[in-house]
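Student: Attaching a predicted model along with its sequence, questions to come.
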Amino acid sequence: MVETNSLGIDLNAIPIHKADDHTPDSNDDKLNQMNLENKKLKEMLTLVLDKHNSLQNHVSKLMQDRDLLASSPNKRKSGECDECNTSASTENHHQGTLKRLNNGITRVYTRVDPSDKSLVVMDGYQWRKYGQKVTRDNPSPRAYYKCSFAPSCPVKKKVQRSLDEPDLLVTIYEGEHNHKSTDNEHETQTSKARFNSPLELGKFDDTLVEQMANSLRRNPDFIEELAVAISSKIFENDLF
DNA sequence: CGTATTTGACCTGCGC
DNA sequence: GCGCAGGTCAAATACG
């Protein structure tokens, strides 16, 4: 039987080792096996991230559609929303959401680790920071970024920590990219590598995998799934 | 050594 | 015109 979780990942992909499962001189074999497991884990991680990204895009699109249907254009000033007006004390409703405002301005709310002081939002594009300022209404600095394809791409973004919730980053995008995201490009390349030559998994960019792992670590759902999967494996080992 | 980031200086728009 | 705040520039610095 193939065991899968809600993400559709085969958790039996990792071979289980029992205590009496090795010969006395099998240190090299064990090392090779661990390397193989490591590669499999990396592959799983990239798959999980793929699914996570596509789900996130889907959710964003759905929420945009819902906002467009629900919004009445004569009610709102640029940069404001109904929820903000009615519940100024919290921005929880924005978590991970995307608001497309007038004049090609888009506001995105991203939940980050509160201890992480960097004003970096991974959105698939490459940015060059060109300034940072402390604004009057918010003690946390606002970072200014230009698309690294500038001046051919005119898009800019401003990133600032929310005044009410320090673990919420508010990103304001100005303009539309006239090129594809570098993430897609990279993803396509790694996907090709993954499916065309699975034996070359060891050549995966370790930094990229590290970033994916960090991103997944911040996702409570993923941690929960992982904990369930690991504990079930531990029980399995103990019982058999 | 090339590239990205930092940060103080400068520019611009707005209200008074 | 002046002061203030937000936005941008560019030299200095850090980093791989």
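Tutor: Happy to help now that I have it.

Student: Which strand or helix spans A:His177?
Tutor: Per DSSP states H and E, A:His177 falls between elements, in no helix or strand.

Student: And it, how close does it get to DNA strand B?
Tutor: According to CB to the nearest atom of the strand, to the nearest Å, A:His177 and DNA strand B sit 17 Å apart. (C-beta placed from N, C-alpha, C; glycine too.)

Student: For the residue nearest to that residue when sequence neighbours are not counted, give me its contacts.
Tutor: Nearest residue to A:His177 in three dimensions, chain neighbours excluded: A:Val155, at 5.3 Å (CB to CB, 6 or more residues apart in numbering). Shown in contact with A:Val155 (CB atoms under 8 Å, 6 or more residues apart in numbering): A:125, A:146-147, A:173-177.

Student: ok, and the closest non-adjacent residue to A:Phe149?
Tutor: A:His179 (5.7 Å).

Student: so what's the one you found up against?
Tutor: With CB under 8 Å, 6+ apart, A:His179 has these contacts: A:149, A:152-153.

Student: Only whichever of those are buried, select them in PyMOL.
Tutor: Burial among these is assessed by 16 or more other CB atoms under 10 Å; the matching PyMOL selection reads:
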select buried, chain A and resi 149+153
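
Student: Among the contacts of A:His179, find me the one that's closest to DNA strand B.
Tutor: A:Phe149 (10.7 Å; CB to the nearest atom of the strand).

Student: Now name the helix or strand holding the closest one.
Tutor: Here A:Phe149 is assigned to no helix or strand, by DSSP H and E.
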